[in-house]
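Curious how this folds, go ahead:
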Amino acid sequence: MSEAFPRHVLCVLGLGLGLPEMERIAADFGGFVLDRECSEAGPDARMPTAFEAGLAAASFTEADWAAVESHDSVGYLLSPPMARELAAGTSRRLLAATAALLRAGAAAVKNESSGITHGRDRWLALADRAADAKDEDLAAALVAAWVKRPIFDGRVLYSCGMHLLGAPEVEVEVGAEPPTGDELLDLVALLDTLAIYLLTDPRAEEIEDGEGFRLTGDSPRWLLRTGACDRYDEGDLFHNPYGRLRLTPAE
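Got it, this is the predicted structure:
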C-alpha cells in the first residue's frame with residue numbers, strides 16, 4: 001500500500017469571483033488552500049473540454065455551459081492530504097465549501113482527484129443533502145458528490161473517487177458488452193450499495209477475499225475479490241492506496 005494520503009484538488013472557475021475570494025471562502029471551511037502556481041487570474045480556453053470529460057450523468061444545463069464559456073478565473077483548491085479516518089469528514093466540509101463558492105460567484109466546479117463534475121444545481125442539492133445527513137444518507141450523498149461511476153473498461157464497471165472517502169474502489173464484472181437500460185441501473189445500485197456499506201459498516205474493514213455479498217436475502221450472490229489499485233500509478237491523483245473490491249458472479 002502506498003504511504004501517500006489522497007487529497008482533493010478542486011478546479012473552480014470564477015465568474016466575477018477572484019482568486020483571493022476563492023481562497024478566503026475555502027479557508028473558512030478549514031484546511032483548504034489555493035494552489036497559487038496553477039491558478040490563473042484569467043480565462044483558460046481548455047476548460048470547456050476539461051469539464052465535458054468529467055460530466056456526471058446529465059446535470060449540466062445550458063446555463064452551466066454558458067458560465068463555463070464565460071469564466072474569468074481558474075482556481076485550484078487543495079485539501080490537506082487525508083488520513084483514512086479523516087477523509088469522509090474532510091470531503092463533507094469540501095462539499096459545503098463547494099456550495100459556498102457557487103453561491104458567491106463560481107461558474108463551475110470540477111474535482112481533479114476523481115474526474116467528476118456536476119452542474120450548479122446538482123452540486124447545491126448534494127451539499128444540502130449532506131448538510132444534516134447521518135450514516136447511510138450521508139455516505140450516499142458523499143458517494144454521489146465525489147465518486148465517478150460507472151466507468152467501463154471493456155469488462156468491468158468501476159468507480160474512481162472512493163479514496164477521497166477513505167475506502168477502496170468498487171467494481172463489478174459485467175462481460176465484454178457494456179450494460180444498458182435497467183441492467184445498468186441495477187448494477188450502479190449494486191456498486192452504490194457496496195460503496196455505502198464500506199463507509200458505514202465496521203465489518204467492512206475485515207472483508208476477506210472470496211466473501212459473499214448480496215443486496216437482499218433473495219438477490220443474486222456475488223463474491224468479493226480484493227486487489228490493489230492497478231489502474232493508476234502511485235502519485236496519480238486517481239490512485240487509490242486502499243485498493244479495490246470487485247464483485248464477481250458466484251458459481
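
Got the confidence number for the closest residue to residue 61 other than its chain neighbours?
Leaving aside its chain neighbours, residue 61 sits nearest to residue 119 (5.6 Å; criterion: C-beta to C-beta, 6 or more residues apart in numbering). Yep, even glycine has a C-beta here, placed from its N, CA and C like the rest. The model reports residue 119 with a pLDDT of 96.

so residue 119 sits right up against residue 62, yeah?
No: when contacts are counted by C-beta atoms under 8 Å, residue 119 is not listed as touching residue 62 (10.1 Å).

more crowded one of these two?
Legend: neighbour count by other C-beta atoms under 10 Å for residue 119 and residue 62, higher for residue 119 (22 against 7).

tell me the contacts of the more buried one?
Residues in contact with residue 119 (C-beta atoms under 8 Å, 6 or more residues apart in numbering) are 59, 60, 61, 64, 108.

What separation do you get for it and residue 43?
Note on residue 119: its distance to residue 43, by C-beta to C-beta, to the nearest Å, is 20 Å.

Tell me which stretches of the stretch 1-150 of the chain form helices.
With DSSP state H, counting those that start in this stretch applied, the stretch 1-150 of the chain shows helices at 19-27, 47-53, 62-70, 87-104, 120-131, 135-146, listed in chain order.

Ok, which of those helices comes nearest residue 199?
With C-beta to C-beta as the measure, helix 135-146 is the member of those nearest residue 199 (4.1 Å).

List the buried residues in stretch 100-113.
101, 102, 105, 106, 107, 108, 109, 110, 111, 112, 113 (16 or more other C-beta atoms under 10 Å).

Quick check: the two most widely separated of the residues you listed?
105 and 113 (23.3 Å).

How is the chain partitioned into domains?
Taking automatic domain parsing as the criterion, the chain consists of the domains 9-137, 147-249.

Check the separation of the first and last residues in the longest one.
To tie it back to what came earlier, the one meant is domain 9-137. In domain 9-137, first residue to last residue: 24 Å (C-alpha to C-alpha, to the nearest Å).

Check the residue positioned nearest the centre of the chain and give its pLDDT.
For the chain, the residue nearest the mean C-alpha position is residue 146 (2.1 Å; C-alpha atoms, centre = their mean). pLDDT recorded at residue 146 is 98.

you'd agree it is up against residue 112?
No: in this structure residue 146 lies outside contact range of residue 112 using C-beta under 8 Å: 11.5 Å.

wouldn't residue 120 be in contact with residue 64 here?
Yes: between residue 120 and residue 64 there is a contact at 5.7 Å, judged by C-beta under 8 Å.

Overlap in contacts, those two.
Here residue 120 and residue 64 have residue 108 as joint contacts, going by C-beta under 8 Å, 6+ apart.

contacting residues around residue 198?
By C-beta under 8 Å, 6+ apart, the contact list for residue 198 reads 162, 167, 168, 170, 204, 245.

With respect to residue 15, which of the contacts of residue 119 is nearest?
residue 108 (8.5 Å).

Which strand residues bridge the closest one?
Note on residue 108: beta-bridge partners by DSSP bridges are residue 13.
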